[in-house]
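[1] Have a look at this prediction, sequence included:
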Amino acid sequence: MNQLPHQILRYYSPQPLLSRPGVMFREMFCDLWGGRELAWRLFLRDVSAQYRQSYLGYLWAFLPPLISSLTFVFLNMQGLFTIGQTGLPYAAFAMIGALLWQVFVDALNAPVNALLQARSMLAKINFPRESILVAGMAMVLFNFLVRLVLLLGVLIYFHVKPNSGLLFFPVTIIGLILLGTACGLAVAPIGALYGDVARAIPLITSFWMLLTPVVYPARTIGLAGWLATWNPVSPMIMIARQSLTGQELTHLGPFLYVFFASLLVLLIGWMGFRIAMPHLIARMGG
Amino acid sequence: MSEQVSINSSSLHGSASTVKGDVLVRAENIGKIFCRDFKKSLLYGVCDALHEFFPFPHAKESLPSSGIMLRPSEFWANREISFEVRRGECLGLIGRNGAGKTTLLRMLNGLIKPDSGFIEVRGRVGAIIALGAGFNPVLTGRENVYVNGSLLGLSKKEIDGKIDDIIEFAEIGEFIDSPVQSYSSGMQVRLGFAVATAMDPDVLILDEVLAVGDLSFRSKCLKRIGQISRNSAILFVSHELGHVTRICDRVLLLERGVPHFYGATDEGLSTYQKLVSSEVMESEAPELHPAIDYFRPLTPEGGGLTETGGVLCIHFEICSREEIPVGSCNLFFMSHQRIIEGQADFSSCLSAIPKGHSRISMKIPRVDLAAGHYLVNVQIFAKGGREVVVHSFGSTRVHVIGPQRVWCGYRMPVERVDLVPYSDR
């Protein structure tokens, strides 16, 4: 948007954007490209403001996954429930799982949070709206990289030896972020209008975590087995953990399906985001 | 599309006589619907957004605004607005609070979609719909300048080249490296304006930017706007009519979302003043002595009329149940901004309000007020005290006609001007 030549003509009318899909797609990608610098700025702003007014600072990046996994480690040590074969020390298994799950949760929350945070800006300034989404995704990635320190610590402490599968690990992280963002973006327009969405997300994710093989290995039978196959996050988490710890990649097929399905949902969600934007701004105010 | 360009007969002269460049902003019959009920508004928003996923011809855009059915609780926040602004021109948007000015600007900036008509905007758009939007309180001023600059479409290199100017214009000094939350509101506003105007836009949208900031900063802003206006099309919203006269070539007066006047600035401001003063008159009842039954003006509909330096006659009707001796009696002439511009003392001509029904007529032989609309404030106090007999705010109106542009105030005569050339230089 900022790179447009002077004679660019903008036309606003009640016509739906989709009635001229060619124009819409061109504008979408133009804005994505034009907003890159802004996205970077917003990202830097968010990073530097993130923990500025906090005493513990970056410790907050580690705490949620650490606490949730340690809860399960504790319960398991006390023999309150038994876990099947994990192929790793359970503490390492649970912590890696929780760290990966956090990536998904962050990505899921990113679009709604970005919209709510940028509310006053959106109501007053016209800028490539994509940049707030991109900045949100970059933020998720950044926070993951911070947590990678903890992840490496866990790997070293428990003597986990990765193999060549490690090369696939970045792809799985991108997959997790894509899936989370796609789901988040699908509900973001409603979330901008109704506070119900922002309230429901933590509730749903804590329950969803238990339905996903995060702190326990995937089953093959029963409801848990069905969930391991049909819960889209399951193959992402499993493949990510397997590639990191040098295990055999057991659910590569479903992983790829989910990966490409996320891309598709993301594109549709993006279109919806653009279409809904003027309506959201008109209704939610500054 | 209906030809709605001319609202008032005089509006044609505005666009015809001031052709300066290409049309950068064109609005044709635009309208916007809002909803009074918040819950319904959210629901309609979801419905409208979902509706757009079916790209079949809508009933809406093919219809004129009169053909669109409103849902329950909806109303037109803007309706049938048409205008154009060329490069080098400045259009002032005036109107009372809630007349739909900001809604219109938000549509022009593409933030919200019109519900009827269409808008064309050419070139780079700079808009200050609210100053300092996007300032993050935790970040320093410098960091915020970069964020805000890129929000407004500047690249990092461009900002690097302009940051010194921005800091200097905003008069921030060394505070630029302190967090914005420690700034005073005036500092934030100065920084916001400095960033927004540093980008050399083709179209500049300014929404009450001068309402905040001290006097010296305001005059600096006006100067900066004047510089920019040579090369861009400006849409300017202000309640400060002096600024509008100074900057705008034409004005669009909105009243309840509908254009009330579109044309020359002087005439538009005069219409606006009349609109506001009639509102004030309706809203305030006079404060009266307990023995007085009523007090009302006896001036023709629309108030008294005179010209600068002319004679003014004002008549009132009063009914009192007893005789009230009076002390100080004054007429105050106020501009619509409630600034007293002139005063007429008639204490010496009136000693008491008689019992019964009577008429007070007074003649002011010379009205030294500049052209404009004035509200007349009547103050009569009882003799020897501060007891109010009549205190009527805006009881009547006076329209002063004169050669000067719309600018209320006392007018001093100039007796003579001598031009003495220095022959030795």
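    Everything's here; your move.
[2] Show me which parts of the host helix or strand of residue B:190 are buried, residue by residue.
    Per DSSP states H and E: residue B:190 is located in helix B:185-197. Using 16 or more other C-beta atoms under 10 Å in any protein chain shown as the test for burial, helix B:185-197 gives B:187-197. Using the backbone N, CA and C atoms, a C-beta is placed for each residue, glycine as well.
[3] Tell me how far it lies from the chain's centre.
    Averaging C-alpha positions (C-alpha atoms, centre = their mean, to the nearest Å) puts helix B:185-197 21 Å from its chain's average.
[4] which residues touch it?
    B:126-128, B:131-133, B:135, B:141, B:144-145, B:148-149, B:152, B:165-167, B:169-172, B:175, B:180, B:183, B:204, B:209, B:212-214, B:217, B:221, B:224-225, B:228 (C-beta atoms under 8 Å, 6 or more residues apart in numbering or on different chains).
[5] I'd like to know which of those are part of strands.
    Residues of these located in strands (DSSP state E): B:126-128, B:204.
[6] Give the residue spans of chain A that score low on pLDDT.
    For chain A, the stretches flagged by pLDDT under 70 are A:1-7, A:285-286.
[7] Pretty sure residue A:189 sits in a helix.
    Yes. Judged by DSSP: H, G, I helix; E, B strand; the rest coil, residue A:189 forms part of a helix.
[8] can you tell me which residues contact the residue nearest to it when sequence neighbours are not counted?
    Residue nearest to residue A:189 in three dimensions, not counting chain neighbours: residue A:276, with 3.8 Å by C-beta to C-beta, 6 or more residues apart in numbering or on different chains. Residues counted as contacts of residue A:276 (C-beta under 8 Å, 6+ apart) are A:189, B:49, B:52.
[9] Tell me who's in contact with the last one.
    With contact set as C-beta under 8 Å, 6+ apart, residue B:52 has these partners: A:16-18, A:275-276, A:279.
[10] Can you pull up the residues of the stretch 1-150 of chain A that come close to chain B?
    Residues of the stretch 1-150 of chain A lying close to chain B (C-beta under 8 Å from any C-beta of the partner chain) are A:1-2, A:4, A:6-19, A:21, A:37-38, A:41-42, A:44-45, A:48-49, A:52-53, A:120-127.
[11] when you check these against the strands, which ones overlap?
    Those of the residues of the stretch 1-150 of chain A next to chain B lying in strands (DSSP E): A:9-12.
[12] Pick out the residue closest to the middle of chain B.
    residue B:239 (2.9 Å; C-alpha atoms, centre = their mean).
[13] Quick check: that residue touching residue B:211?
    Yes. With contact defined as C-beta atoms under 8 Å, residue B:239 counts as touching residue B:211 (7.3 Å).
[14] and the closest residue to residue A:190 other than its chain neighbours, what element?
    Among residues not flanking residue A:190 along the chain, residue A:197 sits closest, at 5.6 Å (C-beta to C-beta, 6+ apart). In this assignment (DSSP H and E), residue A:197 forms part of helix A:195-210.
[15] JSON lines please, covering the buried residues of helix B:185-197 and showing pLDDT.
    Putting these into JSON lines (pLDDT from 0 to 100) gives the following:
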{"residue": "B:187", "pLDDT": "83"}
{"residue": "B:188", "pLDDT": "82"}
{"residue": "B:189", "pLDDT": "80"}
{"residue": "B:190", "pLDDT": "83"}
{"residue": "B:191", "pLDDT": "85"}
{"residue": "B:192", "pLDDT": "82"}
{"residue": "B:193", "pLDDT": "82"}
{"residue": "B:194", "pLDDT": "85"}
{"residue": "B:195", "pLDDT": "83"}
{"residue": "B:196", "pLDDT": "79"}
{"residue": "B:197", "pLDDT": "82"}
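[16] Can you give me the neighbour number for residue 143?
    In the absence of a named chain, chain A is used. The local packing of residue A:143 (other C-beta atoms under 10 Å in any protein chain shown) involves 19 other residues.
[17] Correction: the question concerned chain B.
    21.
[18] now do residue B:181
    12.
[19] Narrow the residues of the stretch 1-150 of chain A next to chain B to those that are buried.
    A:1-2, A:10, A:12-17, A:37-38, A:41-42, A:44-45, A:121-127.
[20] Residue B:83 belongs to a strand?
    Yes. Under three-state DSSP, residue B:83 sits within a strand.
[21] you'd agree it is up against residue B:262?
    Yes. Using C-beta under 8 Å, residue B:83 is in contact with residue B:262, at 6.2 Å.
[22] ok, then the element right after the lowest-mean-pLDDT helix or strand in chain B?
    When each helix and strand of chain B is scored by mean pLDDT, DSSP states H and E, helix B:11-17 comes last, with a mean of 36. Downstream of helix B:11-17, the first helix or strand assigned by DSSP H and E is strand B:23-35.
[23] ok, residues contacting the helix or strand that that next one is followed by?
    Going down the chain from strand B:23-35, the next helix or strand is helix B:38-51, by DSSP H and E. Helix B:38-51 is contacted from outside by A:16, A:189-190, A:193-194, A:272, A:275-276, A:279-280, A:282-283, B:34-35, B:58, B:71-74, using C-beta under 8 Å, 6+ apart.
[24] Kindly recompute the last result at 6 Å.
    For helix B:38-51, the surrounding residues in contact (C-beta atoms under 6 Å, 6 or more residues apart in numbering or on different chains) are A:193, A:276, A:279, A:283, B:35, B:73.
[25] so can I have TSV of those residues showing distance to residue B:235 and secondary structure?
    Shown next, in TSV, are the contacts of helix B:38-51 (distance: C-beta to C-beta, whole Å; DSSP: H, G, I helix; E, B strand; the rest coil):
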residue	distance to residue B:235	secondary structure
A:193	29	helix
A:276	27	helix
A:279	24	helix
A:283	24	helix
B:35	26	strand
B:73	30	coil
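[26] Can you pick out the most distant pair from those residues?
    Greatest spatial distance in the contacts of helix B:38-51: A:276 and B:73, 21.2 Å, computed using C-beta to C-beta.
[27] Let me see the contact set for residue A:61.
    With contacts defined as C-beta under 6 Å, 6+ apart, residue A:61 is in contact with A:143, A:146-147.
[28] so is residue B:293 in a helix, a strand, or just coil?
    On the three-state scheme (three-state DSSP), residue B:293 is labelled strand.
[29] What distance do you get for it to chain A?
    48 Å (C-beta to the nearest C-beta, to the nearest Å).
[30] what's the distance between residue B:183 and residue B:409?
    36 Å (C-beta to C-beta, to the nearest Å).
[31] So between the two, which is more surrounded?
    residue B:183 (21 against 17).
[32] What pLDDT does the model give that one?
    pLDDT for residue B:183: 85.
[33] again with residue B:399
    Residue B:399 is given a pLDDT of 84.
[34] Low-confidence bits of the stretch 151-300 of chain B, can you list those?
    In the stretch 151-300 of chain B, residues with pLDDT under 70: B:151-152, B:280-283, B:299-300.
[35] give me the residue from it nearest chain A.
    The nearest approach of the stretch 151-300 of chain B to chain A comes at residue B:153, 3.4 Å away (C-beta to the nearest C-beta).
[36] can you count the residues close to that residue?
    Residue B:153 has 23 nearby residues by other C-beta under 10 Å.
[37] same question, the one 4 residues further on
    Residues lying near residue B:157 (other C-beta under 10 Å) number 9.
[38] That one: which element?
    According to DSSP H and E, residue B:157 maps onto helix B:156-170.
[39] Tell me the buried residues in that helix?
    B:158-159, B:162-163, B:166-167, B:169-170.
[40] thinking again about what came up before, and the helix holding residue A:197, which residues are buried?
    A:197-198, A:201, A:205, A:208-209.
[41] which of those residues lies closest to residue B:295?
    Checking those one by one against residue B:295 (C-beta to C-beta), the nearest turns out to be residue A:198, at 58.8 Å.
[42] Now do the helices in the stretch 151-300 of chain B.
    For the stretch 151-300 of chain B, the helices defined by DSSP state H, counting those that start in this stretch cover B:156-170, B:185-197, B:215-229, B:241-247, B:265-283.
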